[in-house]
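**Q** build me a model from this:
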Amino acid sequence: MMHQMALHGGDIYNQSIQYDFSVNINPLGMEFSLRQAMEKAVQHCNTYPQYGNIRLREAIGESVGLMGEQVLCGNGASELLAAVVHALRPAKVVIPQPAFSGYAWAAQMVDAQIRNYMLQEETNFAITEEILEVLSEDVDLLFLASPSNPVGSMIAQKLLRKILVKCKVLGIVVVLDECFIEFTGKESVCKLVNQFDNLIVIRAFTKIYAIPGVRLGYLLASHPLCDQISRQLPEWNLSVIAQQAGCFVLAPSSKQWDREHYLEHTIEIIKEERQFLTEELIKDSGGKIRVYPSESNFLLLKTELPLYEELLKMGILVRDCSNYEGLDRGYYRIAVREHTANQMLLHAIGSIVKGDRL
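**A** Presented below is the predicted three-dimensional model:
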């Protein structure tokens, strides 16, 4: 019997799940002091949130070295993707595939023609210079992600600059998704919005601070572009709880919260556990599982083993990637979690490899 395909990970509501490896959030989990800050914000739910998210936008701008006027906040990155396409009304959009389905979802909101640029498995689905060849004057918008989802590969900065230069000449706006950048230990390229007025960088608090249910994202762009996009956002689009969460994590370090330490610890764990998962999967599968290189907090796997179905029987949810453009049955994405959970996953996959579950 075929399982019901979820468009995204995190479909825990229709399943009996003990371990969710289908969503890519920080294995450190939500910091207790952040939880306390949001609980404290509940007492302000009888008032409207700050209009325009001014305080949060200024805090974000300061944290990335930009002005508050170059920041827009959204009810998750998804709301911002929708606002971008409604503001720009692109007729033709290019999406390198496989990619997050939210890009196509947003493009379809304005009936844009979507050109899927298929990335090659031989290069581990990475963006290469060949993408420059598909950029032409009839293209209005290009979606990119660094690190990409579901692979976790980064775009080299030298190549990104080449793309931005060509897109600027052709009048193409580039939307760069950096929602997983904090997990890589690499620097964001968001300051490039000062050099390229055709660049929009989208980021999120959701993954790195383990608060997907709060729905909190932001974009960075030139002031005129932000002003144009802002007119497509609802008034009071963030709750007082979301505003408080963002302001709290960006506040200067205190006894309650040390953001730099939290991020450094996160990067450390992700690097160690990603390597551990990769090595063990390759070693124990006897060639039955291919693991693609990743710089983020998740891994893309390819196997003929029915991982989704068999793991689900054990109360373990992974992301079946067969509904990604350019992928088919046999591709799965797993989150990098804490060591104990990763060991449990490896043990479960090991039993499938040996045929104990089939």
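**Q** not counting its own residues, what contacts stretch 182-194?
**A** The list of residues contacting stretch 182-194 from outside it, by C-beta atoms under 8 Å, 6 or more residues apart in numbering, reads 26, 64-66, 70, 146-147, 154, 157, 160-161, 164, 176, 178, 181, 199-201, 203, 207-208, 220-222, 263, 266-267, 270-271, 295-297. Bear in mind the C-beta positions are built from the backbone N, C-alpha and C, glycine included.
**Q** got a ChimeraX select line for the buried ones in those?
**A** Buried residues among those (16 or more other C-beta atoms under 10 Å), as a ChimeraX selection:
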select :26,64,66,70,146,147,154,160,164,176,178,181,199,200,201,203,207,208,220,221,222,263,266,267,270,271,295,296,297
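**Q** in helices, which of the contacts of stretch 182-194 appear?
**A** V64, Q157, L160, R161, L164, L263, T266, I267, I270, K271 (DSSP state H).
**Q** so which of these comes closest to V336?
**A** Within these, proximity to V336 (C-beta to C-beta) peaks at I270, which comes in at 5.5 Å.
**Q** and that closest one, how far from L300?
**A** 15 Å (C-beta to C-beta, to the nearest Å).
**Q** repeat that for M118.
**A** 16 Å.
**Q** the two: which is more packed in?
**A** Taking neighbours as other C-beta atoms under 10 Å, M118 and L300 compare with L300 leading, 26 against 11.
**Q** is it true that the more buried one touches I289?
**A** No - the criterion here is C-beta atoms under 8 Å, and L300 misses it with I289 at 10.8 Å.
**Q** ok, which stretches of this structure are strands?
**A** Ranges of strands in the chain, per DSSP state E, are 19-20, 71-74, 92-97, 113-118, 141-145, 173-177, 199-204, 217-220, 289-291, 298-303, 316-317, 319-320, 331-335.
**Q** residues contacting the fifth one, please?
**A** It stands for strand 141-145. 84-85, 88, 90, 92-96, 99-100, 103, 107, 112, 127, 135, 155, 160, 163, 167, 172-179.
**Q** likewise the third one?
**A** When contacts are defined by C-beta under 8 Å, 6+ apart, strand 92-97 is touched by residues 85, 103-104, 107, 112-119, 127, 131, 134-135, 138-144, 148, 324-326.
**Q** now those: which count as buried?
**A** Of the contacts of strand 92-97, these count as buried by 16+ other C-beta under 10 Å: 85, 103-104, 107, 112, 114-117, 119, 127, 131, 135, 139-144, 148, 324-326.
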